[in-house]
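Visitor: return a 3D structure for these sequence lines:
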Amino acid sequence: MNTDNELSSKKCVPCEGGIDSLNKDECQKFIQKLDSDWNLSKDNKKISKSFKFKNHYEVISLVNMIAWISHSEDHHPEINFSYNTVLVTYYTYAIDGLSENDFICAAKIDKNLVS
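Guide: So this is what the prediction gives:
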């Protein structure tokens, strides 16, 4: 697992639009700093990762951890979950694509899963 301490130690900055989303090369650079299970969408606008657990309690524990990160960073993903799976997707709506914030939050999830 590649947990980039530099990325996970950063703080998200407010994004109200007015900036460009990351280009393909920038997205490729950032995705390499995350756990290899993170996927970059073909259009380079979203990153996602799927998690599988033994039971619903573990699922809810992860959802709560992601909610805590989202609240503390003020950057919120899409989270879909069922009995034993979680799919988390990051996308910056204000710029219709990815920002560094998406990768910061993903790195924080990775870091907290191994801590």
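Visitor: ok, Asn44 touching Asp96?
Guide: No - judged on Cβ atoms under 8 Å, Asn44 makes no contact with Asp96 at a distance of 11.2 Å. For the C-beta atoms, the positions are set from N, CA and C on the backbone; glycine is no exception.
Visitor: on the three-state scheme, Ser50 is what?
Guide: strand (DSSP: H, G, I helix; E, B strand; the rest coil).
Visitor: check contacts around the residue nearest to it when sequence neighbours are not counted.
Guide: Nearest residue to Ser50, sequence neighbours excluded (Cβ to Cβ, 6 or more residues apart in numbering): Leu87, at 5.0 Å. Going by Cβ atoms under 8 Å, 6 or more residues apart in numbering, Leu87 touches 48-51, 79-81.
Visitor: quick check: mean pLDDT across the top helix by length along the chain?
Guide: When the chain is parsed with DSSP state H, its longest helix is helix 56-73. Averaging pLDDT along helix 56-73 yields 96.
Visitor: give me the secondary structure label for the residue nearest to Ser50.
Guide: On the basis of three-state DSSP, Leu87 is classed as strand.
Visitor: which residues does it bridge with?
Guide: Taking DSSP bridges as the rule, Leu87 bridges to Ser50, Asn80.
Visitor: this completes my enquiry, with thanks.
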